[in-house]
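Asks: Below is the sequence, then the predicted model.
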Amino acid sequence: MLREIIKNLPGYDVVYFGDTARTPYGNKSKETIVKYALEDADFLIKKGAKIIVVACNTASSLACEELKNKYSNVPIFEVITPAVEAALRSTKNNKIGIIGTRATINSGIYEAKLKEKNSAVSTMSQACPLFVPFIEEGWISNIELKMIARRYLAPLKNGNIDALILGCTHYPIIKDILQKKIGKRVKLINSAGAVSEKIKKFLENNNLELAKNGKLEIFVSDKTTQCQKIANKVLGSTIKMNEVEL
C-alpha cells in the first residue's frame, strides 16, 4: 500500500505507522481491533496526518465506522470498497473468491459489499491465518508455504472463481505463489493501486492543503531486524524506521 501511494502520489509528505508489536490483528477480537485502530489513528494525526489510509483489511472491516465517527473532519480511506469494485470489473462469470485473516473473513464485509453492488455475484471465502506469520518471518519461498497455499486455495479453485480478492495487505508479497496455485485464468485483486487512485481523484476534486516536500516518515511499535528487511524489500531501498510506544 505504501509503495503504491508513493508511486501514484509523488511529492506528498507521507507518515506511516506499522503496529508491528501488536500484529497480526486478524486473530484478535473486534473490541481489541477497534481500540488499536483508534490509537493508531491518534498517533498519525498527532504527527500531522490530514488524510488517514487504513491499510489493513481487518481494521477496515471492523473499525472503519468508529474511525469515521471519531474523526469526522478527516478523510478516511479503507481498502475494502476499492477491492470490491475492482473484482466486479474483472469477473466474467460472477464467481469471486476472497482470502483474508480470520477476522476479515468472519466479518463477511466483502460478501456483503459485493452482493450490495451486484446481487448476481456468487462468492467463496477462505481464511488464511498462516500466511501473515510466514510473510513476516520472510519465509516466502518455503515449500511449506506453497503447500499451505495449495490447501487454502483448493476449494476456491474447485469453485471455478475467475477473480480472487487478496483481502490482506500482506498477500501481494506472495502473489506469484498465489497465482500459481489458483491458476492463470483467475485475476488477483490487490486494492493498493485502486486506493491510491481514489486518493488522487479526491485531492484533484478537493482543496486540501497538504505538504509536498517528498518527506517519508516511518514509525513502528516494534523495530526488528526482520521487519526492517521486509520494509527494505517492499520499498526497494534501505528505509529508516523509528520505534515508538503508543
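Replies: Sure, I can see it. Numbering: from 1, shown residues only.
Asks: Please make it C-alpha for all contacts and neighbour counts, starting now.
Replies: Fine.
Asks: buried stuff in stretch 123-140?
Replies: Buried residues in stretch 123-140, counting neighbours by 16 or more other CA atoms under 10 Å, are found at 123-129, 131-132, 134-136, 140.
Asks: Need the max-distance pair from the residues you listed.
Replies: Among those, the pair separated by the greatest distance (CA to CA) is Thr123 and Glu136, at 28.3 Å.
Asks: export the buried residues of stretch 123-140 to CSV and tack on distance to Asp176 and pLDDT?
Replies: As requested, the buried residues of stretch 123-140 are exported to CSV (distance: CA to CA, whole Å; pLDDT from 0 to 100):
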residue, distance to Asp176, pLDDT
Thr123, 23, 97
Met124, 21, 97
Ser125, 20, 97
Gln126, 18, 97
Ala127, 19, 96
Cys128, 16, 96
Pro129, 18, 93
Phe131, 14, 95
Val132, 15, 89
Phe134, 15, 91
Ile135, 13, 88
Glu136, 17, 83
Ile140, 10, 88
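Asks: Restricted to helices, list the residues you listed.
Replies: 131-132, 134-136 (DSSP state H).
Asks: Out of those, which comes closest to Glu78?
Replies: After measuring these against Glu78 - CA to CA - the closest member comes out as Val132, at 19.5 Å.
Asks: ok, that closest one - contacts?
Replies: By CA atoms under 8 Å, 6 or more residues apart in numbering, the contact set of Val132 is 24, 170-171.
Asks: Nearest to Val220, out of the residues you listed: which one, please.
Replies: Closest to Val220 out of these is Pro24 (13.5 Å), distances taken as CA to CA.
Asks: how much space between the nearest residue to that closest one once chain neighbours are set aside and Thr23?
Replies: Nearest non-adjacent residue to Pro24, counting by CA to CA, 6 or more residues apart in numbering: Val132, 7.4 Å away. Distance of Val132 to Thr23, computed by CA to CA, to the nearest Å: 9 Å.
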